[in-house]
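**Q** With the sequence up front, the predicted model follows.
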Amino acid sequence: MDGDLAHVLIDRTDEVVASWAHRFDRSALRMPRPIDPRQHAAMVSTMVVALGEAVQGPRDFADRTRRPPTVPPQRLKPGGPELRELERASALTGASMSATGASGFDVAALVLAARDAVLEFAPSEWAGAIGDVFEWLVVIALDSFASAGTASAQEKVAEQIEEGTPVVLVTQEVPAVLLVGAPPASALDSILGRALLLVVRVGAPTLILDVSGLTDPVAPVVLEAATRFFSQKRIHAVEIALSGASSHVAAPWIVAGKAHGVSVVSFDRLDAAVAHALERAGVQLRRRSTT
């Protein structure tokens, strides 16, 4: 057994990773399904080398041929500066596994199998420090895994809202946007951009914006998107018929419109907004007699 742990981890990385692959493949923690450990081997290799560099003391630049002294085990403290690169590698591993369809059990199995592989090659005096370090790395990897999964789910929801929000022509002259949910800024900009293209294409004098389906029609992200929309030169000649808006909701929209020279009129109901937009477009509505 080589007593220089840094030398083992840095110069014999492939051996450590091979031991990890054997342990990970047989781990009782991971989900019971076929998996090729080689798809995660590069990430584990990065973690092993990062640990080796943490264990290795600072190099003497005056004598590059001299091997740095090994850091004492007690110097490896979770959250300490020596482990910064290893923590980053663990976070990246968790985030990357989230994108592959792995489970949190798989993440824990990978990190703990790496711990056992390192212990196989480490001197006995390192056992306690390595155990503490990898216990911390499991937490980091799982937190990163969960964060990446949440971000991915939010992106999918945003895409669905963006693609599913109706931007339609009520008649050939009257475009309408029916905003729904709580779209993020990027989705709002895209939706309103589609509306602007439709307004320009048909030469509409009025654009109906129905906000009754929004979770919060006066949320900062919504009003900021409206302000960006109103700043477009091509929208200055178009009246905005704000539908589904109480006076409380309409007030900040009207203020944002005035600041950019855009007329915003509000209506409680969609049918009233449609009737107004049709009248401005020169289309007359006639109620059919029921007698």
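**A** Arrived safely.
**Q** What pLDDT is listed against the most centrally placed residue in the chain?
**A** By Cα atoms, centre = their mean, the mean C-alpha position of the chain lies nearest to Ala151, the distance being 3.0 Å. At Ala151, the pLDDT value in this model is 88.
**Q** Can you tell me what sits against the helix or strand hosting Ala113?
**A** Take DSSP states H and E as the rule and Ala113 turns out to sit in helix 104-121. For helix 104-121, the external contacting residues (Cβ atoms under 8 Å, 6 or more residues apart in numbering) are 1-2, 5, 8-9, 12, 15-17, 19-20, 23-24, 27, 29-31, 35, 40, 43-44, 47-48, 51, 90, 93-94, 97, 126-127, 130-131, 134, 137-138, 141-142, 145-146. For every residue, glycine as well, the C-beta is placed using N, CA and C.
**Q** swap in stretch 234-245?
**A** So stretch 234-245 is contacted by 176, 196, 199-200, 204-213, 217, 229, 249-250, 253-254, 257, 260-270, 272-274, 276-277, 280 (Cβ under 8 Å, 6+ apart).
**Q** quick one on the thing from earlier: only the buried members of the contacts of helix 104-121: can you turn that into a PyMOL selection?
**A** To isolate in PyMOL the members of these that are buried, counting by 16 or more other Cβ atoms under 10 Å, one can use:
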select buried, resi 5+8+9+16+17+19+20+23+24+27+29+30+35+40+43+44+47+48+51+90+93+94+97+126+130+134+137+138+141+142+145
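**Q** taking the contacts of helix 104-121 one by one, which sit in helices?
**A** Taking DSSP state H as the definition of helices, these contribute 5, 8-9, 15-17, 19-20, 23-24, 40, 43-44, 47-48, 51, 90, 93-94, 97, 127, 130-131, 134, 137-138, 141-142, 145-146.
**Q** so where's this protein uncertain?
**A** 1-3, 57-72, 74, 285-287, 289-291 (pLDDT under 70).
**Q** what's the burial count for Leu192?
**A** Leu192: 23 surrounding residues under other Cβ atoms under 10 Å.
**Q** Next, the contact list for it, please.
**A** So Leu192 contacts 177, 225-226, 228-229 (Cβ under 8 Å, 6+ apart).
**Q** try Gly80
**A** Counting by Cβ under 8 Å, 6+ apart, Gly80 has no contacts.
**Q** Pop out the phi and psi values for it.
**A** The phi/psi pair for Gly80 (degrees, to the nearest 10) reads phi -80, psi 160.
**Q** how close does it get to Asp143?
**A** The spacing between Gly80 and Asp143, counted by Cβ to Cβ, to the nearest Å, is 18 Å.
**Q** follow-up on the earlier one: flag every buried residue along the helix holding Ala113.
**A** 104, 106-119, 121.
**Q** Could you do stretch 180-191 as well?
**A** Under 16+ other Cβ under 10 Å, the buried positions of stretch 180-191 are 180, 182-184, 187-191.
**Q** Out of the residues you listed, which comes closest to Lys233?
**A** Relative to Lys233, the closest of those is Asp189; by Cβ to Cβ it sits at 16.1 Å.
**Q** Nearest residue to that closest one in space, please, no chain neighbours.
**A** Using Cβ to Cβ, 6 or more residues apart in numbering and skipping residues adjacent in sequence, the residue nearest Asp189 is Ala225, 5.9 Å away.
**Q** same thing with Ile10?
**A** Leaving out its chain neighbours, the residue that sits closest to Ile10 by Cβ to Cβ, 6+ apart is Gly52, at 3.9 Å.
**Q** Need the contacts of Leu192 in TSV (columns: secondary structure, distance to His236 and neighbour count).
**A** Below are the contacts of Leu192 laid out as TSV (DSSP: H, G, I helix; E, B strand; the rest coil; distance: Cβ to Cβ, whole Å; neighbours: other Cβ atoms under 10 Å):
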residue	secondary structure	distance to His236	neighbour count
Val177	strand	18	22
Ala225	helix	17	22
Ala226	helix	14	25
Arg228	helix	14	16
Phe229	helix	11	23
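**Q** one step back: sitting in helices, which of the contacts of stretch 234-245 do you find?
**A** In helices, defined here by DSSP H, the members of these are 196, 199-200, 229, 249-250, 253-254, 257, 270, 272-274, 276-277, 280.
**Q** Widest-spaced pair of these?
**A** Applying Cβ to Cβ across the ones in helices among the contacts of stretch 234-245, the maximum distance is between Val200 and Val249, 26.8 Å.
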